[in-house]
Structure formats: C-alpha cells, structure tokens
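S.K.: Predicted structure and sequence below. I'll ask about it afterward.
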Protein chains: 2
Amino acid sequence: MPIAIPEVVIDRLPVYARALALLERQGRDVVSSQELGEQLGVTPAQIRKDLSYFGRFGKQGRGYNVGRLLAELRQILGLTRDWSMVLVGVGRLGRAIVGYAGFAPQGYRIVEVFDSDPEIVGSNVDGLTVKPVDDLESALRDQKIEIGIVAVPGANAQDVIDKLVAAGVKAILNYAPIAAQVPLDVHVKDIDPVLALQSMTFYVKDQTSPAK
Amino acid sequence: MPIAIPEVVIDRLPVYARALALLERQGRDVVSSQELGEQLGVTPAQIRKDLSYFGRFGKQGRGYNVGRLLAELRQILGLTRDWSMVLVGVGRLGRAIVGYAGFAPQGYRIVEVFDSDPEIVGSNVDGLTVKPVDDLESALRDQKIEIGIVAVPGANAQDVIDKLVAAGVKAILNYAPIAAQVPLDVHVKDIDPVLALQSMTFYVKDQTSPAK
DNA sequence: GTATGTGAACCACTTCACAGCA
DNA sequence: TGCTGTGAAGTGGTTCACATAC
C-alpha cells in the first residue's frame, strides 16, 4: 500500500479537474501550477505537492499538459466510468435532486428512487417509479450501486443511512441535517446550505456599514 | 482584537448548535463533551478546545447546560436575528432553492430574486417577482442584505458574484461550479454535490466486492 | 468522583527553497 | 531560463494530560 494520501488532497483534485476541463474547452494546451493556482486561489506549491502524490505529470520549464493531466486526474478519481446512484426521499428536495441537471454530464445517474410514504410509493418521478424504502436491500442486491443520496427529514435519516449501508452502499451524499454514523469503509459528504450560512454569518454579523 | 479563531472552529460551531437544539427538543438539560462528541464523531477535547475560544460555558464535574450553551452559540454565530438574502438565477435550481423549506425555520429568508433572462424577468416565483440582474445594485442600495445566493450557470457566475460584491453583499452561497474570486472581506461557501461525489468515488472506485 | 479548561506535546498539512530537468 | 518535484522547515490544528472546580 502506498503512503496514505491526506483527504484534503483528494477533496482538491476534483477542483483541479474542473478547472482543467474548462481550460481544455478553451483550447489551452499547457498550464503552469502558478496559473492554475491563481485561478483557484491555491498556492502553486500546493498544487505541485498534491499532484506529486500520484506521479510526475509535469514538464520542467513548461508546466502541465492540460489534456494529459485532466485524463490522469479522471483516472485517479474514478471518473472514467459512469456511476449509478439511488435516492431515498422523494419530497420537494428529493424531486429537485432527481431533476438536477448537473449530475448526468459528469457521469452520475440516479437509477432508483425510494420513499417510505405509501402515498408517494408507486408514483412516477422523472421516469422513475418510486419504490418502498423497505425494498432497498433487495432492490440493490443484484445491481452494482455504491452511491446513495439521502433526502429525507432528519428524524428518519440515520435509519435510512443504516439501510443504505446494509445494502452495501459505500458512498453517501447526505442532504439531511444530521451527523451520520457510518462504518469506517463508508464515506459520507454532507450538503447543508444552512450550516454554510450559519458559519458565514459569524463573520458578517457585526460588520456595521463603514461610516462615510 | 482577540486572537484569531481558526475557520475550522467556526465551521464546527453550527454543527454543535444543531446537535444541542436536538438535545433541547428531547428535554435534555445537561450534556458532556464526551457525549456530544460521540454523537458528532468528534473528540471531546476538540469540543472543549473549540468552546474555550469563546468562554467558559461548562461546569466541572457536570458538563454543559444544553439551553445555555445553545444560546451562547447562537449569539456567537449571529443566529439571534433573521437574515435576508437575494437569489440570482431563477432556473430549475434557483426555483428549487427558493422553495427549499430548510431556510425559513433557521431565520434565513430570500427576499429578492434576479435573473438575466428577459423571458423570466417579471414572472412570479413563490410570491416574489423576478427582477433583472442589472437592477441588483440599485435594488440593494437601501435594503440591508448581506447574503447572496448564486444559482446561475458557471459561465455567468463570476460576473454575478462581482455584481453582488459591488452591491455590498458580504456572504455568498455559491451553487455554481466555479472557484469564485472575491475580496478578502467577502465570504463564499460552495455547495457542489458533484465535487462531493467526485472525491468520494476516489475511495470507492476500486473496492471490489469481497470474495465470500 | 467527575468533567471542564488549557498549556504543552504532537501531528498533519502547507509553504519554502532549491536541485534537477527540459 | 523556466517550472517541476520534493526534502526540509514552518505553521496551524488536534490531542494529551492534568490542575482546577463543582
């Protein structure tokens, strides 16, 4: 096993990949860590060090080949394949997530949707039939689905997460306002705009308008 | 000025506050850093150290009074007042954000919505009339609005962010897939489910199903 | 007895600075 | 000459461990 790579590094790689994809669309062939860093608000040394965990992708005196580096990052991150996902919770938020246009172009696809409300089960959401949440495990038994999205109320979220884990899901995108408890081999990322707002207001709260 | 408080600490306070609010609803009076830490997946020392930046809120031998500590955190974070926000970008995503039920209970309210598309300007979204994005600055001149939400395509996002900054916004919740450039006194938090997924797939990508 | 608050020790990540290569 | 790759140095955040207070 290679030396452990810090999680912060892994979190930055998709940001680099996104910037490189933009540069590629703009027709750029080469980019230096300097320039990439300026665009992303990151130091050039940070970028070089991060990349050095995985290989030597640059050329001294020139920089990085945009297409090559992007391909390497996509390989590292597992973006060269498509990923199927299940969504649990088909309320207002869940419906918005199903309809979110940002997933498909990046190879992420919601293939099953579940809910616990009998009123909703059986209904159709963007071409998918809502299944009862109790069927999660059996529905996933034969399909290779490693990603779950949780969009249920906080009170039910840990239960749903337990079910996803039991069904073999290894990555969870959690929109519920809870700190999920999961085994070490399961990864969770929280999407919570309220937490983001609450930490920003700390800095804003007592900025008075400057006296003219 | 007190010694600078690390940003990671500020990011954790809302998580503590959320857990305390739950404990309070459950009728709990007192909680130890130990117990809180277990619920949140954080070490007790971390919690005590974080809180010590702001005061001495606990009682030795007992722990923290739930209501008291929650009130302190709300004070620290600026959650004792309501916050008005503007949203820019009234596409599918923007509409979902306007309709998101999680903001209001926490005191965050979208009071103005803007778009650049003449087809959309003038239409009604959840009781708000969509205004042209060029009116941002004048519309905000007299209102005290320090938070902006960006839900426009990546290609337009930096422009919109520049306009928000020019209009005096100090905190930006950014749903667009770009690394925003802002002055030091403006705070940005990105909400990007795709980045979250892309970093998780790194860990999941080559886990083969264990041989039975 | 029990749990906080906090310097000190530790650890992890970031930045430096330069050798090495194109 | 220009920019990468990387050990070494530096910085910042976390955890320890214990004096202190209830």
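M.R.: Sure, I can see it. Since this is a predicted model, take the numbers as computed values, not measurements. Numbering: from 1, shown residues only, chains lettered A, B, ... in the order given.
S.K.: Setting the sequence-adjacent residues aside, check what's closest to A:Tyr100.
M.R.: The shortest distance from A:Tyr100 to any residue that is not its chain neighbour, by C-beta to C-beta, 6 or more residues apart in numbering or on different chains, is 6.9 Å, and that residue is B:Leu93. For glycine as for every other residue, the C-beta is placed from the backbone atoms N, C-alpha and C.
S.K.: contacting residues around stretch A:189-198?
M.R.: The list of residues contacting stretch A:189-198 from outside it, by C-beta atoms under 8 Å, 6 or more residues apart in numbering or on different chains, reads A:171-175, A:177, A:180, B:11, B:13-15, B:17-18, B:77, B:79, B:83, B:97, B:100, B:102-103, B:106, B:108, B:147, B:171, B:173, B:189, B:191, B:193, B:196-197, B:199-200.
S.K.: Show me the strands in chain A, by range?
M.R.: Using DSSP state E, the strands assigned to chain A run over residues A:30-31, A:58-59, A:63-65, A:83-88, A:108-115, A:124-125, A:128-132, A:147-150, A:171-174, A:187-190.
S.K.: show me the contacts for the closest residue to A:Asp115 other than its chain neighbours.
M.R.: On the basis of C-beta to C-beta, 6+ apart, the spatially nearest residue to A:Asp115 that is not a chain neighbour turns out to be A:Val90, at 4.3 Å. Residues in contact with A:Val90, defined by C-beta under 8 Å, 6+ apart, are A:98, A:113-115, A:117, A:120, A:123, A:125, A:130, A:151.
S.K.: Phi first, then psi, for A:Val152.
M.R.: Per-residue torsions, A:Val152: phi -110, psi 170 (degrees, to the nearest 10).
S.K.: which one of the contacts of A:Val90 is nearest DNA strand C?
M.R.: Nearest to DNA strand C out of those is A:Ala151 (C-beta to the nearest atom of the strand; 29.7 Å).
S.K.: could I get the strands of chain A as a markdown table with distance to A:Lys163 and mean neighbour count?
M.R.: Output for those, formatted as a markdown table (distance: least, C-beta to C-beta, whole Å; neighbours: other C-beta atoms under 10 Å in any protein chain shown):
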| stretch | distance to A:Lys163 | mean neighbour count |
| --- | --- | --- |
| strand A:30-31 | 44 | 19 |
| strand A:58-59 | 45 | 16 |
| strand A:63-65 | 43 | 20 |
| strand A:83-88 | 8 | 23 |
| strand A:108-115 | 9 | 21 |
| strand A:124-125 | 19 | 13 |
| strand A:128-132 | 11 | 16 |
| strand A:147-150 | 9 | 26 |
| strand A:171-174 | 11 | 25 |
| strand A:187-190 | 14 | 18 |
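S.K.: So which of those is nearest DNA strand C?
M.R.: Distances from DNA strand C to each of these were compared using C-beta to the nearest atom of the strand; the minimum, 4.8 Å, belongs to strand A:58-59.
S.K.: per-residue pLDDT, the residue nearest to A:Tyr100?
M.R.: The model reports B:Leu93 with a pLDDT of 98.
S.K.: rewinding a little: just the contacts of A:Val90 now: which is nearest A:Val66?
M.R.: In terms of C-beta to C-beta, no member of the contacts of A:Val90 lies closer to A:Val66 than A:Val98, at 33.4 Å.
S.K.: so who does the nearest residue to that closest one once chain neighbours are set aside touch?
M.R.: The spatially closest residue to A:Val98, leaving aside those adjacent along the chain, is A:Asp126, at 4.9 Å (C-beta to C-beta, 6+ apart). Shown here is A:Asp126, whose contacts under the criterion C-beta under 8 Å, 6+ apart are A:95, A:98-99.
S.K.: and if you look at A:Ala179?
M.R.: A:Ala179 touches B:15, B:19, B:39-41, counting by C-beta under 8 Å, 6+ apart.
S.K.: Flag every residue of chain A that's near DNA strand C.
M.R.: Within chain A, the positions near DNA strand C by C-beta under 7 Å from any atom of the strand are A:6-9, A:42-43, A:45-46, A:48-49, A:59-62.
S.K.: go again using 6 Å as the cut-off
M.R.: Residues of chain A found near DNA strand C (C-beta under 6 Å from any atom of the strand) are A:6-8, A:43, A:45-46, A:49, A:59-62.
S.K.: want to throw those into TSV with pLDDT?
M.R.: Conversion of those to TSV gives the following (pLDDT from 0 to 100):
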residue	pLDDT
A:Pro6	97
A:Glu7	97
A:Val8	98
A:Thr43	98
A:Ala45	98
A:Gln46	98
A:Lys49	98
A:Lys59	97
A:Gln60	96
A:Gly61	96
A:Arg62	97
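S.K.: Can you list the buried residues in the lowest-mean-pLDDT helix or strand in chain A?
M.R.: Ranking every helix and strand in chain A by mean pLDDT, DSSP states H and E puts helix A:136-140 at the bottom, with a mean of 93. Using 16 or more other C-beta atoms under 10 Å in any protein chain shown as the burial criterion, the residues of helix A:136-140 that qualify are A:136, A:139-140.
S.K.: and if you look at stretch A:91-107?
M.R.: Applying a neighbour-count criterion of 16+ other C-beta under 10 Å, one finds A:93-98, A:100, A:102-103, A:106-107 buried in stretch A:91-107.
S.K.: same question, stretch A:12-28
M.R.: In terms of neighbour count (16+ other C-beta under 10 Å), stretch A:12-28 has its buried residues at A:12-24.
S.K.: ok so, going back, which residues touch the residue nearest to A:Tyr100?
M.R.: With contacts taken as C-beta under 8 Å, 6+ apart, B:Leu93 has the following neighbours: A:96, A:100-101, B:151, B:175.
S.K.: Just the ones of these in helices?
M.R.: Judged by DSSP state H, helices contain the following of the contacts of B:Leu93: A:Ala96.
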